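Peer 1: A structural model of the following input is requested.
(one chain, ligands or ions: 1)
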Amino acid sequence: MTNIILLGPPGAGKGTQAQKLVEERGMVQLSTGDMLREAKTSGTEMGKKVAEVMDRGQLVTDEIVIGLIEEKLKAGGGNGFIFDGFPRTLAQADALGALLAKMGQKLDAVIQLVVDDEALIARIVGRAEQARAAGQPVRADDNPEVFADRLRAYYKSTSPLIGYYYHAGELCTVDGLAPIDEVAGAIAQILDDK
Ligand code: AMP
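Peer 2: Numbers count the residues shown, from 1 in each chain. Next up is the predicted model:
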């Protein structure tokens, strides 16, 4: 059982790498972004509440996302959990630590995907174009204006987690601008060393 966090700004490749780990290692991906998008389309009160916040590129409340994660943790984690897009605030990081401890588990690694802002903007524009070309729905928050707000939210609320996990001795960094398979190889190396 290996529990990891994939940490990085929006568009860094967290979802892509999480998918690979699910396929190759039988780990369970917990993406709060996916859970919230699901809630958004479900038409529930919570869904309506989060839709507007997400479309503005801002963070949903800690209470909501911690509640979602708590529910999924109870369902069990296969060969380990991959936290993707969670935690995004220091309060969420504290809550995750407490939830894992309560289950007698811990974090094995926090893997930071290091990228630069210009590459991110190019990726997000590309992701929207690809979806459009394939006739798939384009994420409402995948446009340059909202992306700027998502990036701001990342630097303001999420980037302090880098220091938090560095101090805990859990932080590992990977070059997120390398080709997808190279990034996957670097992550595999970190997991195999655990
Ligand atoms: P993502 O798919 O991870 O980029 O998330 C899409 C959007 O969902 C974010 O821009 C936030 O509005 C919201 N969101 C996802 N995860 C969290 C989280 N852990 N805390 C707060 N808001 C979140």
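Peer 1: Next one: the closest residue to the ligand within the chain relative to residue 86, how far apart?
Peer 2: Residue of the chain nearest the ligand, by C-beta to the nearest ligand atom: residue 33 (2.1 Å). All C-beta atoms are positioned from the backbone trio N, CA, C, and that covers glycine. Separation of residue 33 from residue 86 (C-beta to C-beta, to the nearest Å): 8 Å.
Peer 1: Near the ligand, which residues of the chain are found?
Peer 2: 10, 32-33, 36, 53-54, 57-60, 65, 85-86, 88, 92, 141, 150 (C-beta under 6 Å from any ligand atom).
Peer 1: the more surrounded of residue 33 and residue 86?
Peer 2: Between residue 33 and residue 86, counted using other C-beta atoms under 10 Å, residue 86 has the larger neighbour count: 24 against 19.
Peer 1: so which strand or helix has that one?
Peer 2: Using DSSP states H and E, residue 86 sits within no helix or strand.
Peer 1: C-terminal to the helix or strand bottoming out on mean pLDDT in the chain, what's the next element?
Peer 2: Between all helices and strands in the chain, the lowest mean by mean pLDDT, DSSP states H and E belongs to helix 117-133, at a mean of 90. Moving toward the C-terminus from helix 117-133, the next helix or strand (DSSP H and E) is helix 144-153.
Peer 1: between that next one and helix 117-133, how big is the angle?
Peer 2: Computed by axes from the mean of the first three to the mean of the last three C-alpha atoms, to 10 degrees, the angle separating helix 144-153 from helix 117-133 equals 140 degrees.
Peer 1: Please identify the buried residues of the helix or strand following helix 144-153?
Peer 2: As assigned by DSSP H and E, the chain's next helix or strand after helix 144-153 is helix 160-167. The neighbour-count criterion (16 or more other C-beta atoms under 10 Å) identifies 161-162, 164-165 as the buried residues of helix 160-167.
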